[in-house]
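Visitor: Here is a sequence with its predicted model. Questions after.
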Amino acid sequence: MNEPVKTNTKIEYGFNWRTGTTGTALEALKVLLDRRDTATGGHSLRVVRYTEAIAAELRIQGQELEDLSLGALLHDIGKIAIPDSILLKPGSLNRDEWVIMKTHPRLGADMISMVESLQPAIPIVLHHHEWYNGSGYPAGLIGDEIPLGARIFAIADAFDAMTSVRPYSGAMDVQSAIKELKAGSGTQFCPVCLQAFLNLEDKNLPIIYDECRKEAEPTQFYGLPNYFNL
Ligand SMILES: [Fe+2]
């Protein structure tokens, strides 16, 4: 294994959105988004870290890197507007429910477009479900038409989804998840971005993976905690 290169931690990059009043508000939003949508805490943190690591491997830095990080953090903010009956539905969604669920990228982009400081996150928020072969949504963009940040993020999101325990499926091991990602190269995922992720396998990935698992807040609830015993 190669000598690990600099890890992509918030301390080393010191991103603006993680400090001051804005950073505090975004940290609170991160917790809210995680608890609204997933059974496992720390999804937002992990996808931010993976996105940053892939981006750094592609030599993206400075403001561009910071914008990708913000986009990763807010990627599913549109799900706030998806009804609980769909977002938290046990089992699979029917066709009509999927139509509603698939509105979350546009809803999210619309929401953050009203806040100037969040607008750099729009490319990832709007396009994180596009597929490299054009079969994704909402715009059906193909290949490099998809913003680079969204292509990077799609890999980070898929890797975390596969390696996290979900309400109705166990966590996949890292090697199996990497095999799945490779199977999606050129169809779901951008081959160049995927190669950047694969380059991490012998460098940052084990470190980031372990750090994220340690830092993830234990979330005991599926959806919002039932504070009121309703
Ligand atoms: Fe999403």
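Guide: Everything's here; your move.
Visitor: list the contacts for His75?
Guide: The contact partners of His75, taken as CB atoms under 8 Å, 6 or more residues apart in numbering, are 47, 108, 121, 124-125, 128, 153, 157. Glycine gets a C-beta too; all of them are placed from N, C-alpha and C.
Visitor: Would you mind confirming that Leu93 is in contact with Ile86?
Guide: Yes: with contacts counted by CB atoms under 8 Å, Leu93 reaches Ile86, the gap being 6.5 Å.
Visitor: neighbour-wise, which of the two wins?
Guide: Higher neighbour count among Leu93 and Ile86: Ile86, with 17 against 14, using other CB atoms under 10 Å.
Visitor: any shared contact partners between Leu93 and Ile86?
Guide: Listed as contacting both Leu93 and Ile86 by CB under 8 Å, 6+ apart are Met101.
Visitor: Please flag which of the contacts of His75 sit within helices.
Guide: With helices taken from DSSP state H, the overlap with those comprises 47, 108, 124-125, 153, 157.
Visitor: From these, pick the one nearest Tyr132.
Guide: The nearest member of those to Tyr132, counting by CB to CB, is Phe153 at 12.8 Å.
Visitor: ok, that closest one to Glu130 distance?
Guide: Distance from Phe153 to Glu130, counting by CB to CB, to the nearest Å: 10 Å.
Visitor: remind me, longest helix of this protein?
Guide: Longest helix in the chain, counting by DSSP H: helix 20-37.
Visitor: Right, I'll leave it there.
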